[in-house]
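Trainee: A structural model of the following input is requested.
(chains A, B, C and D)
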Protein chains: 2
Amino acid sequence: MAASTLTEVARLAGVSPATASRVLNGSARKPGQDIADRVRQAADSLGYIPNAQAQGLAKSSSGLIGLIVHDIADPYFAAIARGVQEAAREQGRMVLLATTAGAPADEKEAVAAFAARRADSIVIAGSRSSRAEDTKGNADLAAELDRYCRNGGQVAVVGHPVVGAEVTEGYHVVEVPNEELATSLASELAASRQDDDFVIIGGPEGLFTSDDRIRGFQKGLADAGRPPAEILRSSFNRAGGYEAGVTLAERIKAAGRDGQRGEGNANQDPARGLCIFAVNDVMAIGAAAALRSKGLRVPRDATIAGFDDIETLRDFRPALSTVHLPLEDIGRIATRSAAGSAAAEDAAEPSPVTGRVTLRRSTEMAS
Amino acid sequence: MAASTLTEVARLAGVSPATASRVLNGSARKPGQDIADRVRQAADSLGYIPNAQAQGLAKSSSGLIGLIVHDIADPYFAAIARGVQEAAREQGRMVLLATTAGAPADEKEAVAAFAARRADSIVIAGSRSSRAEDTKGNADLAAELDRYCRNGGQVAVVGHPVVGAEVTEGYHVVEVPNEELATSLASELAASRQDDDFVIIGGPEGLFTSDDRIRGFQKGLADAGRPPAEILRSSFNRAGGYEAGVTLAERIKAAGRDGQRGEGNANQDPARGLCIFAVNDVMAIGAAAALRSKGLRVPRDATIAGFDDIETLRDFRPALSTVHLPLEDIGRIATRSAAGSAAAEDAAEPSPVTGRVTLRRSTEMAS
DNA sequence: GCTGTCTGGGAAAGCGCATTCCCACTGCCA
DNA sequence: TGGCAGTGGGAATGCGCTTTCCCAGACAGC
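Mentor: Numbering: from 1, shown residues only, chains lettered A, B, ... in the order given. Okay, here's the model as predicted:
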């Protein structure tokens, strides 16, 4: 038994396919009540399911939203995905998922695939990069996006615009105030951690999200009259945080900052504590794990702050100081801004994203 | 500029659309080298992207895999989704996401929507339920799935078969040995926690995953000669775990099990500890948070074990005893089993899922 | 040299639906 | 009663592609 078609339904109901189409899918023209009933009943009895592909082909639009993330298992993206999914449901669309590990080449592929499926809009979450090795990929991605937009597609990018994107028609950017928030975080930490030196665990250079947060943090420190923090670079995930954490743990011990009176380091005053800012929560957790594995305690031997306020990590102890980002809203906003309702379009770029510095135990005053 | 079509490419290359189709998309018939080159070049210069909808319509298959989860932001589902995504990529397909909060009615909707899009296969993750209020929904869902399968669709369900599903053609179940693993967990805990009483924090009655794990755990206790554990029911998420944790915390204090010598409870021996088994990690974390908020310490005042071994929770302290489940593999296996390669089909239901009891600090020997 | 078999390309028929255009009919006003 | 707008249904076209079928030419065997 093959899936039944509109034509079959029409025949069973004794009407033309045109009429059947009109009653089963919202058309401007409403057939008479009796006919409508007949058609609907026929559809029911046949278990008719409209073929979305054919519909899409006929009206060239698909009811699909493409979502591009680095990794759906990363709680950051998962949270955004939830928002996207919700907004999509509101719009009566479905979401098509693509994961790319952040590689622009893969992202370009994904955009092409979405374009092939005639997705109505595309949401790109996940940090843009300006690394040299990505130059070519970025250009390709930008070109693909341009083409997609020119063909009437709507694109929403979370965070930074894609490097080199030119079209403005249908191209939306959901700004995330990473830099400002990092500045605020630094200010608050500078105030509460008077006696700490600061160090930053960042992602690879060229990753915008990471760079923005680093820049913002440094600015906050400078505003508070603190010297710039040293920056440790590693990968933008837990492993990267852990790795950097190991390095720092050794340093802390060597400097005798762990209360065990190490041999001391000429450059570092053992009396001063160390406050670590990891550019995202997952890295912060990794760093904390590294310190712990080296026998160090947070916040006693070092304090740590992250960024994102990942929900799953809220029960982590010591509670992680971080910057709360409304991830789910971000996904929702991005999806809505790419909904492409020409009317509401210019009316207002939807409510801006606001975060909030959230200090918790991991950077609490040492007793 | 509208997206260019095959016909345009063909015209530019000076061939028929049929030929263009044959060279651009793998057909059995291979046109001559020179012609192929001409076509490919024309396609390139036009930036041709095949319309997947039209392709799908023409060959009635879409290259789509439908994935149904309760909540994509839940790390359990996110991990499975990653596996699905990966396997999908291997197959050159894309994944369509639907979240349903576990409501059979929504799941039925999702299946219908997938069917409408002519998804090649559907993966259903997330526990089935046999609750009375879901009876109708389950029946509808089963009917929808049956229809989908009869129309040639492939379905893979993680865990339990959908209640009432009848078709076997194209219907796959990825068995997760929840019960057996829970039994093993109980055995190991019974051995290491000789002096503990056991209590189970379960999900709502009728949720198969939860029920299986409870049943298995009780069996393990029985095998070890322990009396059955009391069961606290609450919702299958962190909040549920927290709620149950609050209840337990009060009880522990009342029973003077927290070392503070409470007034004691006739039924409970204050000398005995309490070992809490939460049917999933997230609930376990919630329960632990509740205990902590009541001033209780794990594993000192109570021990806790979970189930799933969620990656994001591995850095939780005290490290959570749990049962490791290869979530990502599960997603992959499900996706592959629904790949529908009739050849490999009967050859072997793909490698079974195996978990592993993983005891960590949260159930460690009291000193 | 002629027929028979390939080979490779093109014409055309859908895939299932939306939609435009057309037509028959109703009811209204003049 | 004739004409006209308005209403509601159907025929037909096309969305972009695949695929079957057909046909012209190449080639081999007799």
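Trainee: center of chain A - which residue?
Mentor: For chain A, the residue nearest the mean C-alpha position is residue A:125 (4.1 Å; CA atoms, centre = their mean).
Trainee: Settle this for me: that one is touching residue A:68, isn't it.
Mentor: Yes. Taking CB atoms under 8 Å as the definition, residue A:125 is a contact partner of residue A:68 at 6.7 Å. Backbone N, C-alpha and C define where each C-beta goes, glycine included.
Trainee: What residues of stretch A:185-196 count as buried?
Mentor: A:185-190, A:193, A:196 (16 or more other CB atoms under 10 Å in any protein chain shown).
Trainee: Assumed residue A:276 was part of a helix.
Mentor: No. Counting by DSSP: H, G, I helix; E, B strand; the rest coil, residue A:276 falls outside a helix, being strand.
Trainee: moving C-terminal of the lowest-mean-pLDDT helix or strand in chain A, what's the next helix or strand?
Mentor: Every helix and strand of chain A was ranked by mean pLDDT, DSSP states H and E. The lowest is helix A:342-347, at a mean of 46. Next helix or strand after helix A:342-347 toward the C-terminus (DSSP states H and E): strand A:356-358.
Trainee: Packing partners of that next one?
Mentor: Judged by 3 or more CB pairs under 8 Å, 6 or more residues apart in numbering or on different chains; DSSP states H and E, strand A:356-358 is in contact with helix A:178-192, strand A:322-324.
Trainee: Give me the mean pLDDT for it.
Mentor: Here strand A:356-358 scores 96 as its mean pLDDT.
Trainee: hmm, who's touching that strand?
Mentor: Residues outside strand A:356-358 that contact it (CB atoms under 8 Å, 6 or more residues apart in numbering or on different chains): A:181, A:184-185, A:188, A:309, A:321-324.
Trainee: got it, and stretch A:103-113?
Mentor: Contact with stretch A:103-113 is made by A:66, A:68, A:98, A:100, A:122, A:124, A:129, A:134, A:136-138, A:140-141, A:144-145, A:148, B:49, B:52, B:94, as judged by CB under 8 Å, 6+ apart.
Trainee: So which of these are in helices?
Mentor: Counting by DSSP state H, the contacts of stretch A:103-113 place A:136-138, A:140-141, A:144-145, A:148, B:52 in helices.
Trainee: Low-confidence ranges, the stretch 151-300 of chain A, go.
Mentor: A:256-271 (pLDDT under 70).
Trainee: ranges for the helices of it?
Mentor: For the stretch 151-300 of chain A, the helices defined by DSSP state H, counting those that start in this stretch cover A:178-192, A:208-223, A:238-254, A:281-293.
Trainee: Need the winner for burial among these.
Mentor: Of the helices of the stretch 151-300 of chain A, the one with the most neighbours on average (mean count of other CB atoms under 10 Å in any protein chain shown) is helix A:281-293, at a mean of 25.
Trainee: before we move on, the earlier item: just the buried residues of the ones in helices among the contacts of stretch A:103-113.
Mentor: By 16+ other CB under 10 Å, the ones in helices among the contacts of stretch A:103-113 give A:137-138, A:140-141, A:144-145, A:148, B:52 as buried.
Trainee: And those residues, which two are furthest apart?
Mentor: A:138 and B:52 (25.0 Å; CB to CB).
Trainee: Distance check, residue A:217 against DNA strand C.
Mentor: Residue A:217 sits 52 Å away from DNA strand C, going by CB to the nearest atom of the strand, to the nearest Å.
Trainee: for residue A:236, that is, sorry about that
Mentor: From residue A:236 to DNA strand C the distance is 44 Å (CB to the nearest atom of the strand).
Trainee: residue contacts, the nearest residue to that residue once chain neighbours are set aside?
Mentor: Nearest residue to residue A:236 in three dimensions, chain neighbours excluded: residue A:203, at 3.5 Å (CB to CB, 6 or more residues apart in numbering or on different chains). Residues in contact with residue A:203 (CB under 8 Å, 6+ apart) are A:127, A:209-210, A:233-236, A:240, A:279-280, A:283.
Trainee: May I have the residues that are in contact with residue A:61?
Mentor: Contacts of residue A:61 by CB under 8 Å, 6+ apart are A:118, A:120.
Trainee: hang on, the earlier thing: ok, so of the contacts of strand A:356-358, who is nearest residue B:175?
Mentor: For the contacts of strand A:356-358, the minimum distance to residue B:175 (CB to CB) is 37.2 Å, reached by residue A:309.
Trainee: Isn't the closest one up against residue A:325?
Mentor: Yes. With contact defined as CB under 8 Å, residue A:309 counts as touching residue A:325 (6.1 Å).
Trainee: starting at the chain centroid, how far to the helix or strand hosting residue A:332?
Mentor: Per DSSP H and E, residue A:332 falls inside helix A:327-337. Chain-centre distance of helix A:327-337: 9 Å, with CA atoms, centre = their mean, to the nearest Å.
Trainee: Against which helices or strands is that helix packed?
Mentor: Partner elements for helix A:327-337 (3+ CB pairs under 8 Å, 6+ apart): helix A:75-90, strand A:121-124, strand A:154-158, strand A:171-174.
Trainee: repeat that for 6 Å
Mentor: With contacts taken as 3 or more CB pairs under 6 Å, 6 or more residues apart in numbering or on different chains; DSSP states H and E, helix A:327-337 sits against helix A:75-90, strand A:154-158, strand A:171-174.
Trainee: Report the buried residues of the longest one.
Mentor: Yep, that's helix A:75-90 we're talking about. In helix A:75-90, counting by 16+ other CB under 10 Å, buried: A:75-89.
Trainee: what about that helix, average pLDDT?
Mentor: 97.
Trainee: List of residues touching it?
Mentor: Contacts of helix A:75-90 with the rest of the structure, by CB atoms under 6 Å, 6 or more residues apart in numbering or on different chains, involve A:65, A:67, A:69, A:95, A:123, A:125, A:308, A:310, A:312, A:327-328, A:330-332, A:335-336, B:72-73, B:78, B:99, B:312.
Trainee: Write out the residues of chain A neighbouring DNA strand D.
Mentor: A:14-19, A:29-32, A:35, A:54, A:57-58, A:60 (CB under 7 Å from any atom of the strand).
Trainee: which ones are touching residue A:319?
Mentor: By CB under 6 Å, 6+ apart, the contact set of residue A:319 is A:360-361.
Trainee: for residue A:62, same thing?
Mentor: Residue A:62 touches A:56, A:118, counting by CB under 6 Å, 6+ apart.
Trainee: pretty sure it is in a strand, no?
Mentor: No. Under the criterion used here (three-state DSSP), residue A:62 is coil, not part of a strand.
Trainee: Next one: it from DNA strand D, what distance?
Mentor: Going from residue A:62 to DNA strand D by CB to the nearest atom of the strand gives 12 Å.
Trainee: Repeat that for residue A:175.
Mentor: Plainly put, residue A:175 is 35 Å away from DNA strand D if you go by CB to the nearest atom of the strand.
Trainee: about what we covered before: the ones in helices among the contacts of stretch A:103-113: which two are farthest apart?
Mentor: A:136 and B:52 (25.9 Å).
Trainee: Could you tell me which residues of the stretch 1-150 of chain A lie near chain B?
Mentor: Residues of the stretch 1-150 of chain A found near chain B (CB under 6 Å from any CB of the partner chain) are A:1, A:3, A:47, A:49-50, A:52-54, A:56-57, A:72-73, A:75, A:78-79, A:81-82, A:85, A:94-97, A:99, A:112, A:115-118, A:147, A:150.
Trainee: Fine by me, thanks again.
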